[in-house]
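Visitor: sequence first, predicted coordinates after that:
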Amino acid sequence: MGLKQEKFNPSILLLILMVSVFGHGVTSSICDNGLCSCFPRYKNITSVDCSCNLTKQGFDFTAADFGMQFHEVRNFYVTDCDDGVVFRTNAFRDLGKLQNLYLGKVRKVEFESGVFQRLARLSLQNIQDVKFGERAFMGARDLYSIEIHRATIPRLHSHSLFDVRGLYSLELDEVALHHVEKDAVKIDFRHPESYVLVNNCTIGNIESKGIILKAKNFSMTKSALDGLSSDAVNIISSDLIQTSESNFGKNLEKNAINMVAPVVNIRSNTFKLLPKGIIEGIKFEENKKIIFINNTVYDIDTDNILDGMSSLIKIAEIKGNHFPCSCSIRVPHQALREFSQNNFCTIKCNITLSDFGALIEDRKVCTLNKSEPDESEICSSVVNSTPDQRRGRTPSYFRTTQITTKMNKTVNSSERIQFIPVLLFCVLFTVVIES
């Protein structure tokens, strides 16, 4: 035994101690064993690139996985993971200069609370399941942008993206968001040129005060919303809120979406149902603008809708829309002539609301005490059809996004036909226009 001890090389013991004390075992477990590629490899590492499928397992990152040699890391990549990736609380505690975290082609990603000490840009692409823990970005100083592309978020828990300040941009593209709990998202961008882009997303089941955003510009295109509780989405913009080519379902409660902006531009959308009682608190000023153009509405609650709506119709820009028509409510096409002439019934033939009102007055439709007009009867009663005003390009008020107006002229004749001469988008949205 004594001879063996004399042959032991002290330098080996010193090396083991150095790795244990200064590297926390990281150099051997991450950079040397094929789990991740590190550059430079041993000292002052600036870039880490991990691929799960090379090791046939996922990653469970903790603070113990990183040591002093990772203090200079700017870029961290995790790709190609058929398994999951978990970032534990304080996992990036020692990565004080981290700028970019990119994850792509990963089956499941989970962020626990307080993962980051510093982060500038988060990019998630092609993720089947994303989970943000409570206050996941707590301590993420200088967070500049969040980009999520082709991902599914089954549930955003309370305080997932809460009290995040200073962002420049939030971009969601092809994201399915199934459930949003109360107080899940609260982001105050504060950057003078900040923006939120939501494109081709499906968002549903948002609880009250689930989403609160404050940015310069907000744009949503080609997306679908349904299952929104009262006061579910609150958007405050210092410049523009624009919604286009999106679908709104039947399950939207009163005051589901609240918006504050100098310009609210709602165009080329489809509304399955506009609920009643969402017009309280609307304010207009001469230097503000509301646009409601080229939208299609299939159904609307009619109880107590007319009160106070005529003045709103005269102020907002409303044209090229298709609204439901009904015999039960007379059309004041004389009092609201411009509105009635520039909007249409949601039926297969192209008839203006003005023409529909005239047909009622001439008793050519809505006879025999019927509450619902016969579509073929309406169309056959119109000698000269009104030219379609819904085609063509319309100017975009969003400086970075050009939108081409597209509407499908095919209408299901089995849909319920109603008309109510109101500012219909105010029925869905509480729009507060203020200085």
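Guide: All right, it came through fine.
Visitor: sticking with residue 376, tell me its helix or strand.
Guide: Using DSSP states H and E, residue 376 falls within helix 375-381.
Visitor: buried sites along that helix?
Guide: Residues of helix 375-381 classed as buried under the neighbour-count rule (16 or more other C-beta atoms under 10 Å) are 375, 378, 381. Yep, even glycine has a C-beta here, placed from its N, CA and C like the rest.
Visitor: equivalent analysis for stretch 209-225, please.
Guide: Neighbour counts over stretch 209-225 (16+ other C-beta under 10 Å) mark 209-223, 225 as buried.
Visitor: kindly report the same for stretch 159-179.
Guide: Here stretch 159-179 shows 159-162, 164, 167-175, 177, 179 as buried, counting by 16+ other C-beta under 10 Å.
Visitor: ok, now stretch 116-128?
Guide: Those buried within stretch 116-128 under the rule 16+ other C-beta under 10 Å are 116, 117, 119, 120, 121, 122, 123, 124, 125, 127.
Visitor: residue 178 contacts residue 130, doesn't it?
Guide: No - the pair formed by residue 178 and residue 130 falls short of the contact definition of C-beta atoms under 8 Å, at 11.2 Å.
Visitor: ramachandran angles for residue 339?
Guide: phi -60, psi -40 (degrees, to the nearest 10).
Visitor: and for it, the neighbour number?
Guide: By the criterion of other C-beta atoms under 10 Å, residue 339 has 24 neighbours.
Visitor: figure out how far the helix holding residue 376 is from the centre of its chain.
Guide: From the chain centre to the centre of helix 375-381 is a distance of 40 Å (C-alpha atoms, centre = their mean, to the nearest Å).
Visitor: now stretch 251-268
Guide: The chain centroid and the centroid of stretch 251-268 are separated by 13 Å under C-alpha atoms, centre = their mean.
Visitor: any idea how many residues pack against residue 73?
Guide: Counted with other C-beta under 10 Å, residues neighbouring residue 73 total 23.
Visitor: tell me if I'm right that it and residue 100 touch.
Guide: No - counting by C-beta under 8 Å, residue 73 stays clear of residue 100, with 9.9 Å between them.
Visitor: so where's the stretch 301-435 of the chain shaky on pLDDT?
Guide: Applying pLDDT under 70 to the stretch 301-435 of the chain flags the ranges 301-312, 314, 328-335, 369-371, 383-435.
Visitor: mind doing that once more with 90?
Guide: In the predicted model, the stretch 301-435 of the chain carries pLDDT under 90 at residues 301-318, 323-341, 346-351, 353-435.
Visitor: quick one: residues contacting the nearest residue to residue 127 once chain neighbours are set aside.
Guide: Residue nearest to residue 127 in three dimensions, not counting chain neighbours: residue 151, with 4.2 Å by C-beta to C-beta, 6 or more residues apart in numbering. Contacts for residue 151 were tallied using C-beta atoms under 8 Å, 6 or more residues apart in numbering; they are 124, 125, 126, 127, 128, 130, 174, 175, 176.
Visitor: measure the third one to residue 226 for me?
Guide: To residue 226, residue 126 is 25 Å away according to C-beta to C-beta, to the nearest Å.
Visitor: now do the first one
Guide: Going from residue 124 to residue 226 by C-beta to C-beta gives 24 Å.
Visitor: likewise the second one?
Guide: With distances taken as C-beta to C-beta, residue 125 is found 26 Å from residue 226.
Visitor: residue 211 now?
Guide: 14 Å.
Visitor: state the pair within the contacts of residue 151 that is farthest apart.
Guide: Maximum pairwise distance in the contacts of residue 151, criterion C-beta to C-beta, is 14.2 Å, between 125 and 176.
Visitor: please name the nearest non-neighbouring residue to residue 381.
Guide: Sequence neighbours aside, residue 364 is the residue nearest to residue 381 in space, at 4.6 Å (criterion: C-beta to C-beta, 6+ apart).
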